[in-house]
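K.L.:
Could you work out the structure for the sequence below:
(one chain, ligands or ions: 3)
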Amino acid sequence: MLQPINKNDYQSLSSYLKSRSQEISSDILVTVSNILKDVREQGDVACKKYTKQFDGIEMDTWKVSEEELDEAISHCDPFFMESMEKAKKNIEYFHQAQVAQSYILQEEKGVYLGQRVIPLSSVGIYVPGGRAQYPSSVLMNAIPAAVAGVKRIVMVTPPNKEGKINPNIAFAAKLAGVTDIYKIGGAQAIAALAYGTETIPSVDKICGPGNIFVAAAKKLVYGKVDIDMIAGPSEILVVADDHANPAYAAADLLSQAEHDPMASPILLATSQTKIDEINAELKVQSAQLPKKEIVEQSLKNYGKSILCDSISECIEIANEIAPEHLELMVEDPMSYLAQVVNAGSVFMGYYTCESIGDYFGGTNHVLPTNGTARFSSALGVDSFVKRSCFLHYSKEALDAYGQYIIKMAQEENLDGHANAVKVRVQSWEKK
Ligand SMILES: NC(=O)c1ccc[n+]([C@@H]2O[C@H](COP(=O)([O-])OP(=O)(O)OC[C@H]3O[C@@H](n4cnc5c(N)ncnc54)[C@H](O)[C@@H]3O)[C@@H](O)[C@H]2O)c1
Ligand SMILES: N[C@H](CO)Cc1c[nH]c[nH+]1
Ligand SMILES: [Zn+2]
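P.N.:
Ligands and ions are numbered 1, 2, ... in the order given. As a prediction, the model looks like this:
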């Protein structure tokens, strides 16, 4: 059952949720710093040592060859492959609309200025190797990178016990346009991507979720390379009106609860009867799920319900919580969308379960968690480009505006700056 929270107490709820982010202990930071240092200094030798130590496997080479890739893919279920191909089309279609244009502004006196949008040269995608292996996440990371125009998309993933790659991950990588695959995991993989080794190339940005060692390594290499985010446990907030089907609402809350014992399923509704009906459904449906232990932990620790006076009030509270996923299970969801300002991704109406977005609809499932939707956005094409500005002044323009630049530089006591203008103007005046 979802623990009821008084609507006036939702602020304590939002700080409670924000505090779920993984605490990285100083012990882990020390362990990971040592791994990073070793890989930076010893390259492949250190990668080999740590793969033996943590994955229990002796690896001679990390790179997955074309033959190995095709062999792994030959084990995939054809209907899974067809589903992934259809999902790829939707994800590509959505992300193509995000492509930002370079621009140039042409002014008088030979002035022009503008901004170019340039893809990153190379990115690395970490794909976890434990029980939770998500080929859908390979699509969500690699497709926006490919749409942005990134030339080199490097994927790293831990080898399994036979030193092989998971077939579904292999297929997702090939489908999404990953250019290089290396079977290496943990902090050593992040170090290899950040610093490069004899066989693994360094990249400009590292994306993708992983365990606490991976998260700590990403934090520590940030600055040497860019990173996407440190993703927290999954969150879903369902706003249900009086017509919402309780079975649908419960199923959607459970769909995210099954990710993690720390996942947070939250329900906001305008009728106590609806909350009671959804709680009854949660009980029935959760008992039938294979991951019922995880689901029960998530419901017990983080499952909450709040009774509100109106849908607008539900949305006000949802904005305070800033959930990763927000479902508007209401009539005419479009009329409420503008009120939503803090949510990673919004799922509209009675039939749009969040799973559609996790796999197929086209929107990205790599989303801000722990309240960070207040200031950050889903992974997208923007995450894989940088912007570079340019400016041109003619002789005529410098003649006209140089005096202002000189004055501003002098007020900052930066005569060198002023001088760069003066030497030009004076040289013309002498002639
Ligand atoms: N947010 C998402 O979308 C999403 C998706 C999938 C997985 N996840 C998360 O990713 C994580 C996956 O974790 P995982 O462990 O299964 O796979 P992982 O690939 O993140 O980590 C496995 C690697 O950790 C290293 N390692 C293991 N024990 C170590 C130790 N004692 N010291 C140093 N390194 C060690 C090993 O080298 C191994 O290759 C989970 O926390 C899961 O919740 C999140
Ligand atoms: N809902 C997850 C992000 O919170 C992403 C995912 C992958 N597969 C299924 N779901
Ligand atoms: Zn999910």
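K.L.:
can you tell me the residue of the stretch 251-400 of the chain closest to ligand 2?
P.N.:
Using C-beta to the nearest ligand atom, the single residue of the stretch 251-400 of the chain nearest to ligand 2 is residue 358, 3.7 Å away. (Each C-beta comes from the backbone N, C-alpha and C, glycine too.)
K.L.:
So whatever helix or strand that residue lives in, near ligand 1 or not?
P.N.:
Using DSSP states H and E, residue 358 sits in helix 354-359. No: figure legend: helix 354-359 not in contact with ligand 1 (C-beta under 6 Å from any ligand atom); closest approach 9.0 Å.
K.L.:
mind listing what the residue most central in space within the chain touches?
P.N.:
Residue closest to the mean C-alpha point of the chain, counted by C-alpha atoms, centre = their mean, is residue 366 at 3.7 Å. Residues near residue 366 by C-beta atoms under 8 Å, 6 or more residues apart in numbering: 137, 140, 141, 207, 228, 229, 231, 378, 379.
K.L.:
Just checking, which helix or strand succeeds the worst-scoring helix or strand of the chain on mean pLDDT along the chain?
P.N.:
Scoring the helices and strands of the chain by mean pLDDT, DSSP states H and E places helix 10-18 at the bottom, with a mean of 75. With elements assigned by DSSP H and E, the helix or strand that comes after helix 10-18 is helix 26-42.
K.L.:
re earlier: quick check: mean pLDDT across the helix holding residue 358?
P.N.:
Summarised as a single mean, pLDDT over helix 354-359 is 98.
K.L.:
Run the chain-centre distance for stretch 170-180.
P.N.:
How far stretch 170-180 lies from its chain's middle: 18 Å, per C-alpha atoms, centre = their mean, to the nearest Å.
K.L.:
Check the average confidence over it, would you?
P.N.:
Stretch 170-180 comes out at a mean pLDDT of 98.
K.L.:
For the remainder of this discussion, apply numbering that starts at 55.
P.N.:
Will do, 55 is the new start, and the previous item becomes stretch 224-234.
K.L.:
which bits of the stretch 255-404 of the chain sit near ligand 1?
P.N.:
Contacts of the stretch 255-404 of the chain with ligand 1, taken as C-beta under 6 Å from any ligand atom, map to 263, 264, 265, 267, 268, 285, 314.
K.L.:
Let me fix that, I meant to ask about the stretch 55-204 of the chain.
P.N.:
So the stretch 55-204 of the chain meets ligand 1 at 85, 108, 109, 182, 183, 184, 186, 188, 191 (C-beta under 6 Å from any ligand atom).
K.L.:
Surely residue 431 and residue 422 touch.
P.N.:
Yes: at 6.8 Å, residue 431 counts as touching residue 422 under the criterion of C-beta atoms under 8 Å.
K.L.:
more crowded one of these two?
P.N.:
residue 422 (24 against 15; other C-beta atoms under 10 Å).
K.L.:
re earlier: are any of the residues of the stretch 55-204 of the chain next to ligand 1 buried, and if so which?
P.N.:
85, 109, 182, 183, 188, 191 (16 or more other C-beta atoms under 10 Å).
K.L.:
near ligand 2, which of the residues you listed show up?
P.N.:
Restricting these to those near ligand 2 by C-beta under 6 Å from any ligand atom leaves 188, 191.
K.L.:
thinking again about what came up before, output the contacting helices and strands for the least confident helix or strand of the chain.
P.N.:
strand 358-361, helix 365-375 (3 or more C-beta pairs under 8 Å, 6 or more residues apart in numbering; DSSP states H and E).
K.L.:
related to what we said a few turns ago, which neighbours do residue 431 and residue 422 have in common?
P.N.:
residue 398.
K.L.:
follow-up on the earlier one: just give me the closest of the residues of the stretch 55-204 of the chain next to ligand 1 to ligand 2.
P.N.:
Closest to ligand 2 out of these is residue 188 (4.3 Å), distances taken as C-beta to the nearest ligand atom.
K.L.:
wait, what's in contact with that closest one?
P.N.:
181, 182.
K.L.:
Could you identify the helix or strand that succeeds the longest helix anywhere in the chain?
P.N.:
Using DSSP state H, we find that the single longest helix of the chain is helix 132-150. Using DSSP H and E, the helix or strand that follows helix 132-150 in sequence is strand 157-160.
K.L.:
any idea how far the residue in the stretch 205-354 of the chain that ligand 2 sits nearest to lies from residue 346?
P.N.:
Residue nearest to ligand 2 within the stretch 205-354 of the chain (C-beta to the nearest ligand atom): residue 288, separated by 3.7 Å. As judged by C-beta to C-beta, to the nearest Å, residue 288 and residue 346 stand 17 Å apart.
K.L.:
Who has more neighbours out of those two?
P.N.:
residue 288 (24 against 15).
K.L.:
That one reaches residue 314, doesn't it?
P.N.:
Yes: counting by C-beta under 8 Å, residue 314 is a contact partner of residue 288 at 5.9 Å.
K.L.:
Could you tell me which ranges of this structure sit under the pLDDT cut-off?
P.N.:
Counting by pLDDT under 70, the ranges of the chain that qualify are 75-76, 484-485.
K.L.:
Let me see the ranges of the strands in it.
P.N.:
57-59, 157-160, 166-173, 176-180, 206-211, 234-237, 259-261, 280-281, 289-294, 318-323, 358-361, 379-383, 399-402, 439-446 (DSSP state E).
K.L.:
Need those in a markdown table (columns: distance to residue 103).
P.N.:
Shown next, in a markdown table, are those (distance: least, C-beta to C-beta, whole Å):
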| stretch | distance to residue 103 |
| --- | --- |
| strand 57-59 | 47 |
| strand 157-160 | 50 |
| strand 166-173 | 35 |
| strand 176-180 | 20 |
| strand 206-211 | 17 |
| strand 234-237 | 16 |
| strand 259-261 | 21 |
| strand 280-281 | 25 |
| strand 289-294 | 38 |
| strand 318-323 | 38 |
| strand 358-361 | 45 |
| strand 379-383 | 40 |
| strand 399-402 | 41 |
| strand 439-446 | 35 |
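K.L.:
Alright, calling it a day.
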